[in-house]
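Asker: My questions are about this predicted structure, shown below with the sequence.
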Amino acid sequence: MRVVTIGTGYVGINTAVALSYVGHSVVGVDVDEAKVALLKSRRAPISETGLDELLAIDDRISFTSDLGSCIGDADVVFIAVGTPSAANGEADISYVLSAADEIGALLTPTHDVTIVVKSTVPVGVNAMIARQIRGAVGARGGDVSHLHFASNPEFLREGCALHDTFYPDRFVIGTEDEKAYTMLCELFEPILMQTFEPPQAVESPEQRTLPQCLHTDQVSAEMVKYASNVFLALKISYANEIAGLCEKIGANMSDVSRGMGMDKRIAPAFLRSGLGWGGSCFPKDSKALLHMAQDYSYPMPIVTAAVEVNSRQKDRLILKLLDHLHVLVGQRIAVLGLSFKPRTDDVRNSPSVDVADILVQRGARVRVHDPKGLENARHIYAENGFEFFDTAEEAVRGVDAIVIATEWDDYKSLDWAEIRRNMAGSLLLDARNLLRGTGVEQLFDYCGL
Ligand code: UGA
């Protein structure tokens with residue numbers, strides 16, 4: 001099939017590359033010409049396992065900034081642009097609406113096409129887009145019965161985005177249009193039936209299983225995405241709330257999480273306590289869900305509490321530093337890890353950066369390092385008053401305290417005895433509980449979170 005994906009961010013580029021790999025002809029479209037130029041030279045704009053390798057061998061995929069040059073041939077058009085948080089917490093759907101505007105203006109009156117929203121959008125936006133595009137095509141005398149619409153929310157995680165695209169747990173199609181449903185089933189058949197040859201550059205599961213498929217109406221599909229992300233966020237906040245009590249009681253939270261996770265109904269994932277959740281999805285989606293609920297005068301106290309607990313984790317960290325250091329002004333503090341989670345170079349909406357910012361505001365001298373996200377951080381946070389270091393060893397030399405803010409495996413293998421010798425102080429605040437139980441605790445004045 002001929003596919004166009006609008007937006008080459010995490011969702012768009014991984015969808016485009018995976019669909020091309022399984023045999024479709026794909027054009028990735030983005031308004032950002034610098035990104036398109038990079039992609040044309042077969043380099044990925046984001047760090048994702050396997051992406052560079054698949055782009056390099058792929059001759060079915062191409063990139064452009066001009067939607068008009070490719071939409072005429074498309075069987076399926078994906079909208080995969082960002083929906084960031086607006087100032088009031090609502091999801092900003094302006095990029096989605098302008099993509100829909102462009103599609104509506106460019107489609108020829110007889111074009112038979114399925115338009116699929118992959119962006120995370122508040123309930124009702126799929127229907128709004130369908131009305132908008134049908135209205136534009138209809139106004140030019142087009143036959144709108146050729147236009148088909150579906151919601152197909154994305155569940156990939158940053159850092160293993162291609163893995164999640166090739167080997168998804170589930171596949172949700174929200175549409176009441178039979179043709180749109182059939183088109184999507186056909187398009188994704190190699191993935192739904194797991195018939196493709198596994199790409200070498202992407203880790204494949206030991207046992208390949210078929211994803212579960214769910215066919216719903218559009219509004220329910222939109223809601224599945226929000227309900228899933230926010231459930232995971234509140235699972236983490238619950239673990240963090242329990243961890244705080246464990247600390248007071250003297251219980252070991254790692255064992256408590258492990259014990260809880262042994263119950264199949266609870267499951268072990270997303271029970272890791274620490275500095276809390278960040279990134280481009282959980283913070284934005286929890287705010288958007290609360291905003292949607294507010295529109296219906298429907299309070300959501302559980303979600304509200306999850307957001308509060310998440311924010312409180314940063315305060316807990318600062319209080320622990322104060323307990324040990326007493327004053328923060330002038331203290332040299334190394335923050336190890338700036339990405340919002342390990343194995344990604346994405347440093348946006350990262351709890352680690354929030355903590356580094358608070359420390360700068362409190363007068364500390366903040367030295368930062370990240371194994372993958374340092375370059376991004378140098379650009380985005382150039383004005384935040386951080387001192388950037390290319391290695392963790394340099395960042396921690398001579399400091400009064402170290403904060404491990406992101407649980408990179410790289411930090412496990414540091415020579416912690418040597419680091420301790422080269423420090424001025426002795427405090428190691430392990431805000432991700434990365435080194436707990438490794439013996440490193442004995443070398444420092446150690447505390448977890
Ligand atoms: C999340 C969802 O997991 C994806 O299914 C979804 O498709 C994606 O959002 C999205 O909406 O696009 P992602 O933002 O890549 O994916 O990150 P996660 O791996 O879910 O981690 C989110 C945050 O939770 C990170 O800051 C991580 O450090 C934190 N976390 C995760 C914990 O603090 N504890 C845990 O046990 C697990």
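Answerer: Arrived safely, thanks for sending. Keep in mind it's a predicted model, so treat the numbers as computed, not measured.

Asker: Sort out which residues of stretch 264-282 are buried, please.
Answerer: 270-282 (16 or more other C-beta atoms under 10 Å). C-betas here are computed from N, CA, C, even on glycine.

Asker: From the residues you listed, list the ones also adjacent to the ligand.
Answerer: Filtering the buried residues of stretch 264-282 for proximity to the ligand by C-beta under 6 Å from any ligand atom leaves Phe270, Leu271, Arg272, Gly274, Gly276, Trp277, Gly278, Gly279, Cys281, Phe282.

Asker: residues in contact with the first one?
Answerer: Contacts were defined as C-beta atoms under 8 Å, 6 or more residues apart in numbering; by that measure Phe270 touches Leu232, Lys235, Ile236, Ala239.

Asker: Report the buried members of these.
Answerer: Judged by 16+ other C-beta under 10 Å, buried ones among the contacts of Phe270: Lys235, Ile236, Ala239.

Asker: Can you lay out those residues as CSV showing pLDDT and distance to Ser257?
Answerer: Conversion of those to CSV gives the following (pLDDT from 0 to 100; distance: C-beta to C-beta, whole Å):
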residue, pLDDT, distance to Ser257
Lys235, 98, 11
Ile236, 98, 11
Ala239, 98, 6
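
Asker: Counting only helices, which of those make the cut?
Answerer: Assigned to helices by DSSP state H, the following of those qualify: Lys235, Ile236, Ala239.

Asker: of those, closest to Pro342?
Answerer: Pro342 lies nearest to Ile236 out of these, by C-beta to C-beta, at 14.9 Å.

Asker: picking up where we left off before, need the max-distance pair from the ones next to the ligand among the buried residues of stretch 264-282.
Answerer: Leu271 and Cys281 (18.4 Å).

Asker: How about the residues of the stretch 101-250 of the chain by the ligand?
Answerer: Counting by C-beta under 6 Å from any ligand atom, the residues of the stretch 101-250 of the chain close to the ligand are Thr120, Glu154, Phe155, Leu156, Arg157, Glu158, Asn229, Leu232, Ile236.

Asker: Settle this for me: the second one is touching Ile13, isn't it.
Answerer: Spelled out, it's Glu154. No - with contact defined as C-beta atoms under 8 Å, Glu154 does not reach Ile13; the gap is 11.7 Å.

Asker: And the pLDDT for Gly142?
Answerer: pLDDT, Gly142: 84.

Asker: I'd like to know how many residues surround it.
Answerer: By other C-beta atoms under 10 Å, 18 other residues sit near Gly142.

Asker: Where does the closest residue to Phe389 other than its chain neighbours sit: helix, strand or coil?
Answerer: Nearest in space to Phe389, with sequence neighbours left out and distances taken as C-beta to C-beta, 6 or more residues apart in numbering, is Ala395 at 3.8 Å. Secondary structure assignment for Ala395 (DSSP: H, G, I helix; E, B strand; the rest coil): helix.

Asker: Next to the ligand, which bits of the stretch 251-400 of the chain? Give me the list.
Answerer: Phe270, Leu271, Arg272, Gly274, Gly276, Trp277, Gly278, Gly279, Cys281, Phe282, Phe340, Lys341.

Asker: just to revisit the earlier point, distance of the residue nearest to Phe389 from the ligand?
Answerer: Distance, Ala395 to the ligand, using C-beta to the nearest ligand atom, to the nearest Å: 20 Å.

Asker: was I right about that residue contacting Ile333?
Answerer: No - when contacts are counted by C-beta under 8 Å, Ala395 is not listed as touching Ile333 (10.0 Å).

Asker: Give me the more crowded residue out of the two.
Answerer: Shown here are Ala395 and Ile333; by other C-beta under 10 Å, Ile333 has more neighbours (26 against 22).

Asker: Can you dump the C-alpha atoms of the helix or strand the more buried one falls within in CSV for me?
Answerer: Taking DSSP states H and E as the criterion, Ile333 maps to strand 332-336. Output of strand 332-336 as CSV, limited to C-alpha atoms (Å, rounded to 0.1, in the frame of the first residue of the first chain):
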residue,chain,number,x,y,z
ARG,A,332,28.8,21.6,44.5
ILE,A,333,26.2,19.0,43.5
ALA,A,334,26.6,16.6,40.6
VAL,A,335,23.3,15.5,39.0
LEU,A,336,23.9,12.2,37.1
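
Asker: Report the distance from stretch 90-105 to the chain centre.
Answerer: Stretch 90-105 sits 21 Å away from the centroid of its parent chain (C-alpha atoms, centre = their mean, to the nearest Å).

Asker: so where do the helices sit in the stretch 301-449 of the chain?
Answerer: 301-325, 351-361, 374-380, 392-396, 416-421 (DSSP state H, counting those that start in this stretch).

Asker: Check those for me and report the most buried one.
Answerer: helix 351-361 (a mean of 22; mean count of other C-beta atoms under 10 Å).

Asker: now, among the buried ones among the contacts of Phe270, which is nearest to the ligand?
Answerer: The ligand has its nearest neighbour among the buried ones among the contacts of Phe270 in Ile236, at 4.4 Å by C-beta to the nearest ligand atom.

Asker: Quick one: list the elements packing against the strand holding Ile333.
Answerer: Other helices and strands packing on strand 332-336, by 3 or more C-beta pairs under 8 Å, 6 or more residues apart in numbering; DSSP states H and E, are helix 351-361, strand 365-369, helix 392-396, strand 401-404.
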